[in-house]
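*Asks:* What follows is a predicted protein model with its sequence.
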Amino acid sequence: MRAVSVEPYPAGEAPLDQKGRPVRPRADRLRLVEVDRPTPASDELLVRTVASGVNRADLLQRQGLYPPPPGITDVIGLEASGVVAQVGSEVGGWSVGDEVVALLSGGGYGEFFVVPAGQVVRAPAGVDLVTAGTLMEVAATVVSNADHVHLADGETFLVHGGAGGIGSFAIQYAKHLGCRVAVTAGSEAKLQYCRDLGADIALDYHDDWLAGLKEATDGHGADVVLDIMGAKYLEQNVEALATDGRCVIIGMQGGTKGTLDIASLLAKRATVTATSLRFRPVEQKSAICRRVAEVVWPLVESGAIRPAPVERFPITEVAAAHARLESGEVSGKLVLVH
């Protein structure tokens, strides 16, 4: 079968950065190659891929910064949709030919992928299978983290990167819960996109977004912060928190090591936590997938949550898709079509 592989630079031929250090593999090092088709275990499904969502974690894995868990294929891809091609001997409820959406630990950029049966669900009614291939990672991330920090009706919710796939979903889900939603984004077009989705407070991160948040909330700040930046925003996020506030970190675009003002945290009785989906055990990921199907899919089907705009790339143009995501110009989601 065909799958995307990262071709390393030949010894001594990697381009150098401004400090003279070899750079990590760029998007143009992605190649379609022939690999063995995976074989499903007794509790797994083999799925023929229709579409693969493209996420920032994929960029990190390409660069060697986010390796898969032990025993998981090194083929990139954390979400995909497709058609069941083989059913494991202990799996019930699924048949060859069923259309599914999957949350993966890896393998989504392959012509086929294997997945534990608990980590697949049917697509929302009325959503085509390609668009559905971009929904699971964002839905699972937002819902599991909202549950984790007990996001509640009436709270002020700040999401960084509001125009991205996670951000655009988080705005709508938080509004459904009855929250006041604040976002940061990097252009007026992206800020307006967030407002159109329901954001109450839209802040340009090139400006003093923290001061803007405090002004817009009469000094209250955010009860919950959903952060994709990590170290770069750590101090500001803590300062942004209201009393009993919770900051949940789900990304490291701004680095991994920051300074934490523990005195401020104590004074606010605040919490800083971090989560990921990829390294959770199958049982937890299966529970999250059930939660998505039960809670999110009805909202998508009713129109209460609109899928983000999707830019489609043929799998043969995977390098262009990665370059597009790295450009920072994307509002919504990217998908590879097989």
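*Replies:* Yep, it's here.

*Asks:* Mind jotting down where the helices sit in the protein?
*Replies:* Along the chain, counting by DSSP state H, helices occupy 56-62, 129-132, 136-148, 165-177, 188-197, 209-216, 234-240, 262-268, 282-291, 297-302, 318-326.

*Asks:* most packed of the ones you listed?
*Replies:* Mean neighbour count (mean count of other Cβ atoms under 10 Å) peaks for helix 165-177 among these, with a mean of 25. Backbone N, C-alpha and C define where each C-beta goes, glycine included.

*Asks:* got a list of contacts for that helix?
*Replies:* 53, 55, 134, 137-139, 141-143, 146, 151-153, 157, 159-162, 181, 183, 185, 193-194, 197-199, 226, 228, 250, 296, 299, 304-306, 308, 331-333 (Cβ atoms under 8 Å, 6 or more residues apart in numbering).

*Asks:* So which of those residues are in strands?
*Replies:* Members of the contacts of helix 165-177 lying in strands (criterion: DSSP state E): 53, 157, 159-160, 181, 183, 185, 226, 333.

*Asks:* and which of those residues is nearest residue 207?
*Replies:* Within those, proximity to residue 207 (Cβ to Cβ) peaks at residue 185, which comes in at 11.2 Å.

*Asks:* Just give me the neighbour total for that closest one.
*Replies:* 26 (other Cβ atoms under 10 Å).

*Asks:* Touching, it and residue 201? I think so.
*Replies:* No. Contact criterion Cβ atoms under 8 Å: residue 185 and residue 201 do not qualify, at 11.4 Å.

*Asks:* what sits against the closest residue to residue 91 other than its chain neighbours?
*Replies:* Spatial nearest neighbour of residue 91, chain neighbours left out: residue 117 (4.4 Å); criterion: Cβ to Cβ, 6 or more residues apart in numbering. For residue 117, the contact set (Cβ under 8 Å, 6+ apart) comprises 43-45, 88, 91, 93-94.

*Asks:* ok, back up a step: using CSV, please lay out the helices of the chain together with distance to residue 15 and mean pLDDT.
*Replies:* Formatted as CSV, those follow (distance: least, Cβ to Cβ, whole Å; pLDDT from 0 to 100):
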stretch, distance to residue 15, mean pLDDT
helix 56-62, 15, 96
helix 129-132, 34, 97
helix 136-148, 30, 98
helix 165-177, 29, 97
helix 188-197, 30, 97
helix 209-216, 34, 98
helix 234-240, 31, 97
helix 262-268, 41, 95
helix 282-291, 37, 98
helix 297-302, 43, 98
helix 318-326, 15, 97
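
*Asks:* I'd like the ones you listed written out as a markdown table, with distance to residue 111 added.
*Replies:* Below are the helices of the chain laid out as a markdown table (distance: least, Cβ to Cβ, whole Å):
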| stretch | distance to residue 111 |
| --- | --- |
| helix 56-62 | 17 |
| helix 129-132 | 15 |
| helix 136-148 | 19 |
| helix 165-177 | 24 |
| helix 188-197 | 34 |
| helix 209-216 | 43 |
| helix 234-240 | 41 |
| helix 262-268 | 48 |
| helix 282-291 | 23 |
| helix 297-302 | 27 |
| helix 318-326 | 13 |
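
*Asks:* so which of those helices comes closest to residue 37?
*Replies:* helix 318-326 (19.0 Å).

*Asks:* neighbouring contacts of the closest one?
*Replies:* Residues from elsewhere that reach helix 318-326, judged by Cβ under 8 Å, 6+ apart: 4, 27-30, 32, 54, 56, 58-59, 62, 109, 311, 313, 330, 334, 336.

*Asks:* Output that helix as PDB, restricted to C-alpha atoms.
*Replies:* Taking C-alpha atoms only, helix 318-326 is exported to PDB below (Å, rounded to 0.1, in the frame of the first residue of the first chain):
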ATOM      1  CA  VAL A 318       1.100  16.200   1.200                       C
ATOM      2  CA  ALA A 319       4.200  18.400   1.100                       C
ATOM      3  CA  ALA A 320       2.000  21.400   0.000                       C
ATOM      4  CA  ALA A 321      -0.500  20.700   2.700                       C
ATOM      5  CA  HIS A 322       2.200  20.800   5.400                       C
ATOM      6  CA  ALA A 323       3.700  23.900   3.900                       C
ATOM      7  CA  ARG A 324       0.300  25.500   3.900                       C
ATOM      8  CA  LEU A 325      -0.300  24.700   7.600                       C
ATOM      9  CA  GLU A 326       3.100  26.000   8.500                       C
END
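
*Asks:* Tell me what angle that helix forms with helix 165-177.
*Replies:* Interaxial angle of helix 318-326 relative to helix 165-177 (axes from the mean of the first three to the mean of the last three Cα atoms, to 10 degrees): 60 degrees.

*Asks:* Roughly how far does the residue nearest to residue 91 sit from residue 228?
*Replies:* 30 Å (Cβ to Cβ, to the nearest Å).

*Asks:* What of residue 290?
*Replies:* With Cβ to Cβ as the criterion, residue 290 and residue 228 are 25 Å apart.

*Asks:* what about stretch 22-39, how long is it end to end?
*Replies:* The first and last residues of stretch 22-39 sit 37 Å apart, counting by Cα to Cα, to the nearest Å.
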